[in-house]
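**Student:** please find the sequence and the predicted model below.
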Amino acid sequence: MSYYIAPQSGTLMVSDLVVYRVVKRLKDFKAVDGKRYRVFKSKKDMTESMTVPIYYGVGEALKKAKDEFVLRF
């Protein structure tokens, strides 16, 4: 399984280009402290999921936000 990770901006629009970084494990990704990221657990989730899970950079690790996500439609 691979993780697809990209920075999440507050002004992301439908037509904006998003570049994902692919890593095998979440701990392989070095996050910036306090920055928001969108993380998908597979390419299928990235194309079919109706919600975008949000993770926060804590130190160099990623921690999932329990009550925060973005809806896609």
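**Tutor:** That came through fine.
**Student:** and the helix or strand that contains residue 22, what does it pack onto?
**Tutor:** Using DSSP states H and E, residue 22 falls within strand 21-23. Secondary-structure packing of strand 21-23 (3 or more C-beta pairs under 8 Å, 6 or more residues apart in numbering; DSSP states H and E): strand 3-7. Placement of C-beta: from N, CA and C, glycine included.
**Student:** parallel or antiparallel, which strands does the strand it packs on pair with?
**Tutor:** Here strand 3-7 is paired, per DSSP bridges, with strand 21-23 (antiparallel), strand 36-40 (antiparallel).
**Student:** as JSON lines, these with distance to residue 2 would be great.
**Tutor:** Shown next, in JSON lines, are the strands paired with strand 3-7 (distance: least, C-beta to C-beta, whole Å):
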{"stretch": "strand 21-23", "distance to residue 2": "5"}
{"stretch": "strand 36-40", "distance to residue 2": "9"}
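**Student:** which one of those strands is the most hemmed in?
**Tutor:** Per residue and on average, the most neighbours among these fall to strand 36-40, with a mean of 20 (mean count of other C-beta atoms under 10 Å).
**Student:** and the longest strand seen in the chain with strand 3-7, angle?
**Tutor:** Using DSSP state E, we find that the single longest strand of the chain is strand 61-71. Angle of strand 61-71 versus strand 3-7, following axes from the mean of the first three to the mean of the last three C-alpha atoms, to 10 degrees, is 80 degrees.
**Student:** ok, the residue sitting nearest the centre point of the chain - contacts?
**Tutor:** By C-alpha atoms, centre = their mean, the chain has its centre lying nearest to residue 38, at 1.6 Å. Residues in contact with residue 38 (C-beta atoms under 8 Å, 6 or more residues apart in numbering) are 5-8, 18, 52-55, 70.
**Student:** filter these to the buried ones?
**Tutor:** Taking 16 or more other C-beta atoms under 10 Å as the criterion, what is buried in those is 5-8, 52-55.
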